[in-house]
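**Q** A structural model of the following input is requested.
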Amino acid sequence: DDRLDHAEMERCFALQMKAGCDGIIVCGSLGEGPMLSHDEKIDVLKTAQKIAGNKPVLLTVNEPGTREAAAIARRAAKEGADGLMVVPSPIYHTNAEETVAALRAVAEA
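**A** Okay, the predicted model is just below:
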């Protein structure tokens, strides 16, 4: 029905915490993560935070452009993400200087 199953996420995140994980990284670069809207990614972050308790929850930044990556990084910071897993653009392949500049822009955001 095109809606995320937060109840199932809660169940899976709880299993990970019970198994002894030190934290959770959500919206990874494989699977559905890159297909989610920024609003959906923030909703997943909040769901994980609810379950993780005092353990860190990181949001993956895997956007096609630096502008979009910086925007979701700012939102994640506002929502209390403990950190980010930043992946260079999966679409635009950069040289080393461009990659460093893009990562720096996301970190500064």
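**Q** going forward, measure contacts between C-alpha atoms and count neighbours the same way
**A** Will do.
**Q** buried stuff in stretch 95-109?
**A** The neighbour-count check on stretch 95-109 (16 or more other C-alpha atoms under 10 Å) flags Thr99, Ala102, Leu103, Val106 as buried.
**Q** tell me where the chain has strands.
**A** Here the chain has its strands, by DSSP state E, at 24-26, 57-61, 83-86.
**Q** which strands and helices lie in contact with the helix or strand of the chain with the lowest mean pLDDT?
**A** Within the chain, confidence by mean pLDDT, DSSP states H and E is lowest for helix 96-108 among all helices and strands, at a mean of 93. On a contact count with 3 or more C-alpha pairs under 8 Å, 6 or more residues apart in numbering; DSSP states H and E, helix 96-108 meets helix 66-78.
**Q** hey, what's Met85 bridged with?
**A** Thr60 (DSSP bridges).
**Q** could you give the number of residues near it?
**A** Using other C-alpha atoms under 10 Å, Met85 is surrounded by 15 other residues.
**Q** in contact with it, which residues?
**A** Met85 is in contact with Ile25, Leu58, Leu59, Thr60, Val61, counting by C-alpha atoms under 8 Å, 6 or more residues apart in numbering.
**Q** so what's the residue count around the third one?
**A** Other residues near Leu59 number 26, with proximity taken as other C-alpha under 10 Å.
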